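Asks: dropping the sequence and predicted coords here.
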There are 4 protein chains.
Amino acid sequence: MKTPNPARRSEQSRRAILSAAFDLVAESGYAKLTIEAIAARAGVGKQTIYRWWPSKGAVFIDAFLSKTSDEEGSVALPDTGDLGADLRLTLRAVVDEYNDPGLDTMTRALTIESLGDPAINAEITTRLLEPHLEATRERLRSAQRAGQVAEDADLSVAVELLYGPIYHRWMLRTAPLTHEYADTVVGFALRALKAA
Amino acid sequence: MKTPNPARRSEQSRRAILSAAFDLVAESGYAKLTIEAIAARAGVGKQTIYRWWPSKGAVFIDAFLSKTSDEEGSVALPDTGDLGADLRLTLRAVVDEYNDPGLDTMTRALTIESLGDPAINAEITTRLLEPHLEATRERLRSAQRAGQVAEDADLSVAVELLYGPIYHRWMLRTAPLTHEYADTVVGFALRALKAA
Amino acid sequence: MKTPNPARRSEQSRRAILSAAFDLVAESGYAKLTIEAIAARAGVGKQTIYRWWPSKGAVFIDAFLSKTSDEEGSVALPDTGDLGADLRLTLRAVVDEYNDPGLDTMTRALTIESLGDPAINAEITTRLLEPHLEATRERLRSAQRAGQVAEDADLSVAVELLYGPIYHRWMLRTAPLTHEYADTVVGFALRALKAA
Amino acid sequence: MKTPNPARRSEQSRRAILSAAFDLVAESGYAKLTIEAIAARAGVGKQTIYRWWPSKGAVFIDAFLSKTSDEEGSVALPDTGDLGADLRLTLRAVVDEYNDPGLDTMTRALTIESLGDPAINAEITTRLLEPHLEATRERLRSAQRAGQVAEDADLSVAVELLYGPIYHRWMLRTAPLTHEYADTVVGFALRALKAA
DNA sequence: CTATAACCGAGACGGTACGTCGGGTCTTTTA
DNA sequence: TAAAAGACCCGACGTACCGTCTCGGTTATAG
């Protein structure tokens, strides 16, 4: 087993590969993504891909993450003091993201990869999902301090009360995801969480 | 376009194909499932598969459904009058199913197929998911009549309040699925839904 | 190891493959011959080649043999009674063949294959070379009966006395192959073989 | 086009490369020889090989020649006055060389290279073959002076009368190469060449 | 009670993509 | 500034499956 020397890695090729992978998925969907197509589009030898990534899934995840890492960091929820308003704003934004055809394609591709490999799942969860959940938890903690949320409420479950229904509806396509739906979910959650 | 005559279809081959598909997924995972392997294992010509199914995903779904169709029908929730107890019982059972390694593998395979093709998604949703959701809705309706649930509560959202968090946690593997978790979810849901 | 069923073999593909292989060698030389190019030129899947031949060398030999098998059979030497004249005619013809650029390319390609694999060497020797040697031996036997060749002469060596020098000069390119050269070789051979 | 400065060439690397090339052919045959393997075995960068040799064939030829150049020079045939005895001795030695498995492998490898490239062929012929032919011609010239060989005999052809049959039999593997065979060839040649 | 059409097992076919090997070039670091 | 190291682009390798297409052979209605 040869372990290549990262110091000699071509930054230009790396970028071209990630770009190509991302664009190809956007154009034709993840199911039709092939290593050969990535290499061809990137103007790169296949070996250069195999040298640095174990699978096309890994390439795509890197591609996705490097596209989104720019906006990372600013995941804090608004905190106006009005918990309901803040959550409605947040969940409406989430709904909008799920409804964006481009993001929808990408997220479903990511999900397929996650399903097949727990390691990839952990990677994605840690880097993409967890920050958002933590930000939401933080907002709820703030509300807890303000006495708007029961002191003994399990906030890890609370965030799932908010995102779970939306995720369920998006994944299983049981019904359209609308702003009204987001509002309804927030309404239920507030009643479930509010101090007695 | 040839439309084969279902009357002449070999029941023996059909069964062998579904059996082979199911077993192969159980043994090596859905990602490694191939039409050729199914045909070989079933002692069947490839054409016989292509004649009756449009894709390997369709074969697998049929295989899965025919395995589970035996227990179908009895999807009604218990109705003891104690809504909380009935829901806890139900959600604990759901959690147990998700924790079963065999079912976990199969359900994730099914999910991969759903993600790639909305038609398959619809099929699965209609045949597997919807009956359970409807049964749950029916139990909530009964509770509504008994005044335990607010009259104006949207029951379609209500069921997602119950199943969404569990689904979210199972899919994204953010934390273990336990009976306590099921109980907590039910607790939140009851508070959210109860009549004012 | 799967042994394919020759009864189902596509005669059309077989011919297209042999034709393509032959033409490609004629155009670009044996060193540049690839299985992929043969498949592409023949309009055939690579697997169809790998199914029926173990290597590109084997394909090429088949191609060469099928091109030349038409004229096979008529390998008898002339027998006018004048041994010298008959041999001169024959060796001049051999020299002409070696001097033909197309045949030269093909024969050198064949030789490269022979050198690498004794099995291929045996195949080529038996099917192409041996008939000519035998025909020559037969002519010498006739001359022996006519008292023009020593009774105790070893005819197997005698034919090598005729073809060996020409082959040596062709292979090693030490000097041009001419009709005069052929005549000189025949002259020496006649003196070596003639009855005492 | 870079022309490297031979003065700065590393003699140690040169020797390691030739040694590696020679040994690799001895171990696995010429067909499996690769530049990468030579470089790895020699502990040398690939570029060092490409800098000084145009192809793997050139490397191998150099390797072969440097192995055999030690014994070069002493290519004169014995001249005891008995032409037959001297030639028999010489051709028996040639036969022994051809029968040596190590030399056989090397010589066939050399021949493959020669076939593909006339320039290499010329190089090999000039450096390895021609000296032997000339030595043999010289011995025949001596015999000519002694009246044992016809004055008008073409000695260039005469040597091919000796080596041609042996080369033919070795290359085409039509029959085993033995001392008796060498003697028979010499016998025929003497009759062909002797003064009238 | 055939005969004739369909499904069936088998598997060859033209293809696409795989993951690997090696070719020859180029760049970085060391001596 | 040659050499070692090795990443790079590229082309071909031989394999796995794809989905289509014949092949007999074996039912199972329809004349």
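Replies: Yes, it's here.
Asks: only C-alpha atoms from now on, for both contacts and neighbour counts.
Replies: Noted.
Asks: which residues are contacting the worst-scoring helix or strand of chain A on mean pLDDT?
Replies: Lowest by mean pLDDT, DSSP states H and E among the helices and strands of chain A is helix A:118-124, with a mean of 88. Under the contact criterion C-alpha atoms under 8 Å, 6 or more residues apart in numbering or on different chains, helix A:118-124 has outside partners A:Ala58, A:Ile61, A:Glu113, A:Ser114, A:Leu115, B:Leu172, B:Arg173.
Asks: enumerate the residues of chain A near chain D.
Replies: By C-alpha under 8 Å from any C-alpha of the partner chain, no part of chain A sits against chain D.
Asks: residue closest to the middle of chain A?
Replies: Geometric centre of chain A, nearest residue: A:Leu128, 4.6 Å, by C-alpha atoms, centre = their mean.
Asks: ok, A:Ala182 to A:Ser66 distance?
Replies: For A:Ala182, the distance to A:Ser66 equals 29 Å [C-alpha to C-alpha, to the nearest Å].
Asks: what strand or helix carries the residue lying closest to A:Leu177 once chain neighbours are set aside?
Replies: Once flanking residues are discounted, A:Leu177 sits nearest to A:Val95: 6.2 Å by C-alpha to C-alpha, 6 or more residues apart in numbering or on different chains. For A:Val95, the element it lies in under DSSP states H and E is helix A:83-99.
Asks: dump that helix to CSV, restricted to CA.
Replies: Provided in CSV are the C-alpha atoms of helix A:83-99 (Å, rounded to 0.1, in the frame of the first residue of the first chain):
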residue,chain,number,x,y,z
LEU,A,83,-38.9,32.4,20.3
GLY,A,84,-41.9,31.7,18.0
ALA,A,85,-40.9,34.3,15.5
ASP,A,86,-37.3,33.2,15.5
LEU,A,87,-38.2,29.6,14.9
ARG,A,88,-40.7,30.3,12.2
LEU,A,89,-38.1,32.3,10.4
THR,A,90,-35.6,29.5,10.7
LEU,A,91,-37.9,26.7,9.7
ARG,A,92,-39.2,28.7,6.8
ALA,A,93,-35.6,29.1,5.5
VAL,A,94,-35.1,25.3,6.0
VAL,A,95,-38.2,24.6,4.0
ASP,A,96,-37.0,27.0,1.2
GLU,A,97,-33.7,25.2,1.0
TYR,A,98,-35.4,21.8,0.7
ASN,A,99,-37.6,23.2,-2.0
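Asks: in that helix, what's buried?
Replies: Buried residues in helix A:83-99, counted by 16 or more other C-alpha atoms under 10 Å in any protein chain shown: A:Leu83, A:Gly84, A:Asp86, A:Leu87, A:Arg88, A:Leu89, A:Thr90, A:Leu91, A:Arg92, A:Val94, A:Val95, A:Tyr98.
Asks: the third one: what's it in contact with?
Replies: Right, A:Asp86. A:Leu77, A:Pro78, A:Asp79, A:Thr80.
Asks: okay but the first one is in contact with A:Ala135, surely?
Replies: Yes - judged on C-alpha atoms under 8 Å, A:Leu77 makes contact with A:Ala135 at a distance of 6.2 Å.
Asks: residue in chain A nearest to chain C?
Replies: A:Glu36 (16.7 Å; C-alpha to the nearest C-alpha).
Asks: and the residue lying closest to that residue once chain neighbours are set aside, how far from D:Thr68?
Replies: Computed as C-alpha to C-alpha, 6+ apart, the closest residue to A:Glu36 that is not its neighbour in sequence is A:Lys46, at 6.6 Å. For A:Lys46, the distance to D:Thr68 equals 43 Å [C-alpha to C-alpha].
Asks: just want to know which of those two has more residues nearby.
Replies: A:Lys46 (15 against 11; other C-alpha atoms under 10 Å in any protein chain shown).
Asks: so which residues on chain A come close to chain B?
Replies: A:31, A:108, A:112, A:115-116, A:121-122, A:125, A:157, A:160-161, A:163-169, A:171-174, A:184-185, A:188-193.
Asks: got the contact list for the helix or strand A:Glu180 falls within?
Replies: Using DSSP H and E, A:Glu180 sits within helix A:179-193. Helix A:179-193 has contacts (C-alpha under 8 Å, 6+ apart) with A:84, A:87-88, A:91-92, A:95, A:149-150, A:153, A:158, A:161-162, A:165-166, B:157, B:161, B:188-193.
Asks: pLDDT averaged over it - what is it?
Replies: The pLDDT scores in helix A:179-193 average 98.
Asks: how far away from the center of its chain is it?
Replies: 22 Å (C-alpha atoms, centre = their mean, to the nearest Å).
Asks: okay, it in PDB with CA atoms only?
Replies: Taking C-alpha atoms only, helix A:179-193 is exported to PDB below (Å, rounded to 0.1, in the frame of the first residue of the first chain):
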ATOM      1  CA  HIS A 179     -44.200  28.000   5.000                       C
ATOM      2  CA  GLU A 180     -47.600  27.300   6.600                       C
ATOM      3  CA  TYR A 181     -46.400  23.800   7.400                       C
ATOM      4  CA  ALA A 182     -43.300  25.200   9.000                       C
ATOM      5  CA  ASP A 183     -45.400  27.500  11.100                       C
ATOM      6  CA  THR A 184     -47.700  24.700  12.100                       C
ATOM      7  CA  VAL A 185     -44.700  22.600  13.300                       C
ATOM      8  CA  VAL A 186     -43.400  25.600  15.300                       C
ATOM      9  CA  GLY A 187     -46.800  26.100  16.800                       C
ATOM     10  CA  PHE A 188     -46.900  22.500  18.000                       C
ATOM     11  CA  ALA A 189     -43.400  22.600  19.300                       C
ATOM     12  CA  LEU A 190     -43.900  25.700  21.300                       C
ATOM     13  CA  ARG A 191     -46.900  24.200  23.000                       C
ATOM     14  CA  ALA A 192     -44.900  21.000  23.700                       C
ATOM     15  CA  LEU A 193     -42.000  22.900  25.100                       C
END
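Asks: related to what we said a few turns ago, and the next helix or strand after the least confident helix or strand of chain A with helix A:83-99, angle?
Replies: Sequence-wise, the next helix or strand downstream of helix A:118-124 (DSSP H and E) is helix A:130-145. Interaxial angle, helix A:130-145 versus helix A:83-99 (axes from the mean of the first three to the mean of the last three C-alpha atoms, to 10 degrees): 160 degrees.
Asks: low-confidence stretches in chain A?
Replies: A:1-2, A:70-73 (pLDDT under 70).
Asks: could you chop chain A up by domain?
Replies: Residue ranges for the domains of chain A, per automatic domain parsing: A:6-60, A:83-193.
Asks: residues contacting A:Met171?
Replies: Here A:Met171 is in contact with B:Leu115 (C-alpha under 8 Å, 6+ apart).
Asks: for it, pull up the helix or strand it's in.
Replies: helix A:155-172.
Asks: next one: that helix to chain centre, how far?
Replies: Taking C-alpha atoms, centre = their mean, one finds the center of helix A:155-172 at 13 Å from the center of the full chain.
Asks: in it, what's buried?
Replies: A:155, A:157-172.
Asks: near DNA strand E, which residues of chain A are found?
Replies: Counting by C-alpha under 7 Å from any atom of the strand, chain A comes close to DNA strand E at A:Arg8, A:Lys32, A:Leu33, A:Thr34, A:Ile35, A:Glu36, A:Ala37, A:Lys46, A:Gln47, A:Tyr50, A:Ser55, A:Lys56.
Asks: among the residues you listed, name the buried ones.
Replies: Counted by 16+ other C-alpha under 10 Å, the residues of chain A next to DNA strand E give A:Leu33, A:Ile35, A:Lys56 as buried.
Asks: and of those, the nearest to DNA strand F?
Replies: Of all those, DNA strand F sits closest to A:Ile35, with 11.2 Å by C-alpha to the nearest atom of the strand.
Asks: how about the closest one, what does it touch?
Replies: With C-alpha under 8 Å, 6+ apart, A:Ile35 has these contacts: A:Lys46, A:Ile49, A:Lys56.
Asks: show me which of the residues you listed is closest to chain D.
Replies: A:Lys46 (19.2 Å).
Asks: residue contacts, the closest one?
Replies: Contacts of A:Lys46 (C-alpha under 8 Å, 6+ apart): A:Ile35, A:Glu36, A:Ala39.
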